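Peer 1: what's the 3D shape of this:
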Amino acid sequence: MGGLVDAGNAVQGAIVELTRELADPVRLTALQVLAAEGPHTMVQLADALGVTAPRLGNHLARLRTAGLVTVEHTGRHAVYRVGREDLLGVLTALAHYAGKDGITPPDRAESAADLAHTCYDHAAGRLGVAVFALLVSRGALRPPDGSASEVALGDDLSAFRDLGVSPAEVTPGRRRPATACLDRTHRVPHLGGVLGHEVLTAFLADGLVRRGQEDRELLITARGRRRFGTLLPGF
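Peer 2: A predicted model of the protein is given here:
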């Protein structure tokens, strides 16, 4: 006599496979973060979960095999995102079962590093992201296409001059003039390359920012807050 449990039942098999992947706290939390906060690099995700990148990499490989996450390579970075649109509903239902309203994590207060810090030799954080957005919106940079980190200069370079930089006077050498460097904090590009370095140098020379005592620490001065509030929309 046949029973309801059928090893060949595709629906049962899919549910069992999903619950197997969600049974591990690292994989479950990784999916919750990706679903609630959007795409992350492996380093960002490892920082959020408090685990090492190699350990997380093994779990992400399993989730990719199961079709629960996808990865997109943007320049030097591998960006992970949820692989199925209906996964959010599943995770939300599980959160409700556990007595929570949803999977969205609580808001985190913006730290000084979130606002501004250095990435190699250029500005990162919300300041770096705002600079990149300004250059793209005003036509000084062409929007990145996601296939490579290098970005081309646009036709109107006046935004660079407003930032204290003249691209015509910059000699790239072996380095690329401008790159879309994925910001670890905000997960959108900030300006890297030679021009990114020149912008930070101009900010430092003009007293808009100063270096702190900690590694990569960058502090916005009172003069900088006034200037950036006028120059960078939404900053």
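Peer 1: so which bits of the strand or helix carrying T19 are buried?
Peer 2: Using DSSP states H and E, T19 sits in helix 10-22. Buried residues in helix 10-22, counted by 16 or more other C-beta atoms under 10 Å: 18, 21-22. For glycine as for every other residue, the C-beta is placed from the backbone atoms N, C-alpha and C.
Peer 1: now stretch 18-38
Peer 2: Here stretch 18-38 shows 18, 21-22, 26-27, 29-36 as buried, counting by 16+ other C-beta under 10 Å.
Peer 1: same deal with stretch 214-223?
Peer 2: By neighbour count on 16+ other C-beta under 10 Å, the buried set for stretch 214-223 is 218, 220.
Peer 1: could you list the low-pLDDT ranges of this structure?
Peer 2: Residue ranges of the chain with pLDDT under 70: 1-8, 74-76, 100-111, 145-148.
Peer 1: could I get the full set of helices for it?
Peer 2: Secondary structure of the chain, counting by DSSP state H: helices at 10-22, 25-37, 42-49, 53-65, 87-97, 112-115, 125-137, 158-162, 193-205, 222-231.
Peer 1: so which of those is the most surrounded?
Peer 2: Among those, helix 125-137 has the highest mean neighbour count (mean count of other C-beta atoms under 10 Å), at a mean of 23.
Peer 1: ok, back up a step: what's the helix holding T19 packed up against?
Peer 2: Applying 3 or more C-beta pairs under 8 Å, 6 or more residues apart in numbering; DSSP states H and E, one finds that helix 10-22 contacts helix 25-37.
Peer 1: distance from the helix holding T19 to the middle of the chain?
Peer 2: Its chain's C-alpha centre and that of helix 10-22 lie 30 Å apart, by C-alpha atoms, centre = their mean, to the nearest Å.
Peer 1: pull the number of nearby residues for the nearest residue to F228 once chain neighbours are set aside.
Peer 2: Nearest residue to F228, sequence neighbours excluded (C-beta to C-beta, 6 or more residues apart in numbering): F235, at 4.9 Å. Neighbours of F235 under the rule other C-beta atoms under 10 Å: 18.
Peer 1: so F235 sits against R227, correct?
Peer 2: No. F235 lies out of contact with R227 (C-beta atoms under 8 Å); the separation is 9.8 Å.
Peer 1: burial of L157, as a residue count?
Peer 2: 18.
Peer 1: same check, this time on S166
Peer 2: A count of nearby residues for S166, using other C-beta under 10 Å, gives 12.
Peer 1: that one and A140 touch, don't they?
Peer 2: No. In this structure, S166 is not within contact of A140 by C-beta under 8 Å, at 11.7 Å.
Peer 1: could you dump the helices of the chain into CSV with distance to A78 added?
Peer 2: Listed next are the helices of the chain as CSV, based on distance: least, C-beta to C-beta, whole Å:
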stretch, distance to A78
helix 10-22, 20
helix 25-37, 13
helix 42-49, 6
helix 53-65, 9
helix 87-97, 20
helix 112-115, 22
helix 125-137, 20
helix 158-162, 30
helix 193-205, 20
helix 222-231, 31
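Peer 1: among those, which is nearest E214?
Peer 2: Across the helices of the chain, E214 has its closest neighbour in helix 112-115 (8.8 Å, C-beta to C-beta).
Peer 1: so what touches that closest one?
Peer 2: 125-127, 185-186, 216-217, 219-220 (C-beta atoms under 8 Å, 6 or more residues apart in numbering).
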